[in-house]
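A.B. asks: Sharing a model that was predicted from the sequence below.
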Amino acid sequence: MFSRAATRSLAPSARQFSSSASRNFKVAVLGAGGGIGQPLSLLLKNDPLVTSLSLYDIRGAPGVAADVSHVDTASEVNGYAADQLDAALKGVKVVVIPAGVPRKPGMTRDDLFNTNASIVRDLASAVAASAPDAHILVISNPVNSTVPIVAATLEKAGVFDPKRLFGVTTLDVVRASRFLAAVGDVTPKECDITVVGGHSGPTIVPLLSQNATGKGITGEALDKLVHRIQFGGDEVVQAKDGAGSATLSMAYAGAKFTNALLRGLNGEKGVVTPTFVKSDLFADKGIDFFSSNVELGVNGVEKIHPLGELSASEEKLLEACLPELKKNIEKGKAFVA
């Protein structure tokens, strides 16, 4: 089980955006003109660990860059058009990929597969050619499949390093914290929740029993809470009534994870957060990517933590997660093959 101290760095706080930069971190956002990319770019402009921000999209990125560049923080911002991807990636340390089409009512993350898989594959190929040592953060859905697509694409190019590839599952962590706080009548800072598995529906497994407030939620209230964490994205899709999916909360979660990685790369110790990475935790079941608590450091992935003690209900959730997650991963691999 993880101590509250180990995961405290995940709680929303001024500390996330108040570290003094001792290294230069150039960050690229691929898909900066979209619903996630625009607010994500703004949040990253406000991160003092970002010294240079490179914004790329097939349309709109130069305009977003000009707009964001007026924010009074020290980082430089440059925008790149559709034919300038290689230039956008030059010298980049971290690449964040929110590019893709959003979900619409009635769509699952898996419905997005064909379009987003092609986009992510092509962007990964460009990263392999122009920034092979960069750390890659994948937001584009379905993450359970797009991360294996990026891995397979990098492997084909001979530059895959599992320590430098991350699926951003932080929105599940953010939702778990916020939703549990509302049920338990406490603050989100008191609800540090580890969320493991994957990043869609039943593959999302919140380990509520490892938190004092979460441990007290049982029965029907627990079932409703877990369902809301697993399918929270549907609330946003339905509320936007065809106009898109979770963009602002996803941008917040993406910026939060990016900051955690930058703090680790900058040498800060004890930065631990769930993320979807190449993992041996369930290799015996043929699953080679899994989200769990990961310690981030100067090399990217420093340590993959075990899940810790699970409740009986969490064991059942995990049992339901694994076969679905395996299918998602294999679908991504098959696309590249």
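C.D. replies: Thanks, I have it.
A.B. asks: Quick one: the helices in the stretch 101-250 of the chain, in order.
C.D. replies: Applying DSSP state H, counting those that start in this stretch to the stretch 101-250 of the chain gives helices spanning 113-130, 143-157, 170-184, 212-215, 219-230, 232-239, 248-265.
A.B. asks: Those helices into CSV, with extra columns for mean neighbour count?
C.D. replies: (C-beta placed from N, C-alpha, C; glycine too.) As requested, these are exported to CSV (neighbours: other Cβ atoms under 10 Å):
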stretch, mean neighbour count
helix 113-130, 19
helix 143-157, 24
helix 170-184, 22
helix 212-215, 16
helix 219-230, 16
helix 232-239, 16
helix 248-265, 23
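A.B. asks: do you know how far the closest residue in space to Ile204 that isn't next to it in sequence is from Leu53?
C.D. replies: The shortest distance from Ile204 to any non-neighbouring residue, by Cβ to Cβ, 6 or more residues apart in numbering, is to Gln230 (4.5 Å). Separation of Gln230 from Leu53 (Cβ to Cβ, to the nearest Å): 33 Å.
A.B. asks: next one: Asn211
C.D. replies: Distance from Asn211 to Leu53, counting by Cβ to Cβ: 35 Å.
A.B. asks: same check, this time on Ala88
C.D. replies: Per Cβ to Cβ, Ala88 is found 10 Å from Leu53.
A.B. asks: now do Ala131
C.D. replies: Distance, Ala131 to Leu53, by Cβ to Cβ: 15 Å.
A.B. asks: One more: Thr213?
C.D. replies: Applying Cβ to Cβ to Thr213 and Leu53 gives a distance of 37 Å.
A.B. asks: cool, Gly270 as well?
C.D. replies: Applying Cβ to Cβ, the value for Gly270 to Leu53 is 27 Å.
A.B. asks: More neighbours: the two, which one.
C.D. replies: Under the criterion of other Cβ atoms under 10 Å, the comparison of Gly270 against Leu53 puts Leu53 first, with 25 against 14.
A.B. asks: which SS class is that one?
C.D. replies: What DSSP: H, G, I helix; E, B strand; the rest coil gives for Leu53 is strand.
A.B. asks: Who does it form a beta bridge with?
C.D. replies: Counting by DSSP bridges, Leu53 is bridged to Val27, Val77.
A.B. asks: Could you do Asn293 as well?
C.D. replies: Beta-bridge partners of Asn293, as defined by DSSP bridges: Pro274.
A.B. asks: just checking, it touches Val272?
C.D. replies: Yes - with contacts counted by Cβ atoms under 8 Å, Asn293 reaches Val272, the gap being 5.3 Å.
A.B. asks: which residues does Leu322 contact?
C.D. replies: Contact analysis of Leu322 by Cβ atoms under 8 Å, 6 or more residues apart in numbering lists Gly197, Phe282, Lys285, Ile287.
A.B. asks: Shouldn't it be within a strand?
C.D. replies: No - checked against three-state DSSP, Leu322 lies outside a strand; its state is helix.
A.B. asks: ok, now how distant is it from Leu30?
C.D. replies: Leu322 is 31 Å from Leu30, where distance means Cβ to Cβ.
A.B. asks: my read: Lys331 touches Ile149, true?
C.D. replies: No - using Cβ under 8 Å, Lys331 and Ile149 do not qualify as a contacting pair, with a distance of 9.2 Å.
A.B. asks: Output the lowest mean pLDDT helix or strand found in this protein.
C.D. replies: helix 4-7 (a mean of 38; mean pLDDT, DSSP states H and E).
A.B. asks: Give me the below-cutoff pLDDT ranges for the chain.
C.D. replies: Within the chain, the ranges that satisfy pLDDT under 70 run 1-22, 103-105, 107-110.
A.B. asks: who touches the residue positioned nearest the centre of it in this structure?
C.D. replies: In the chain, the centroid-proximal residue (Cα atoms, centre = their mean) is Val168; its distance is 1.1 Å. By Cβ under 8 Å, 6+ apart, the contact list for Val168 reads Val96, Leu137, Val138, Ile139, Val143, Ala253, Gly254, Phe257, Thr275, Phe276.
A.B. asks: Arg164 contacts Leu137, doesn't it?
C.D. replies: No - taking contacts as Cβ under 8 Å, Arg164 lies outside contact range of Leu137: 9.7 Å.
A.B. asks: between the two, which one's more packed in?
C.D. replies: The residue with more neighbours, out of Arg164 and Leu137, is Leu137; 24 against 21, by other Cβ under 10 Å.
A.B. asks: Bridged to that one, which residues?
C.D. replies: With DSSP bridges as the criterion, Leu137 is bridged to Val96, Phe166.
A.B. asks: Check whether it really touches Ala255, as I assumed.
C.D. replies: No - taking Cβ under 8 Å as the definition, Leu137 is not a contact partner of Ala255, at 10.4 Å.
A.B. asks: excluding its backbone neighbours, what's nearest Val120?
C.D. replies: Nearest non-adjacent residue to Val120 (Cβ to Cβ, 6+ apart): Thr146, at 4.6 Å.
A.B. asks: Distance-wise, check that neighbour relative to Asp234.
C.D. replies: For Thr146, the distance to Asp234 equals 20 Å [Cβ to Cβ].
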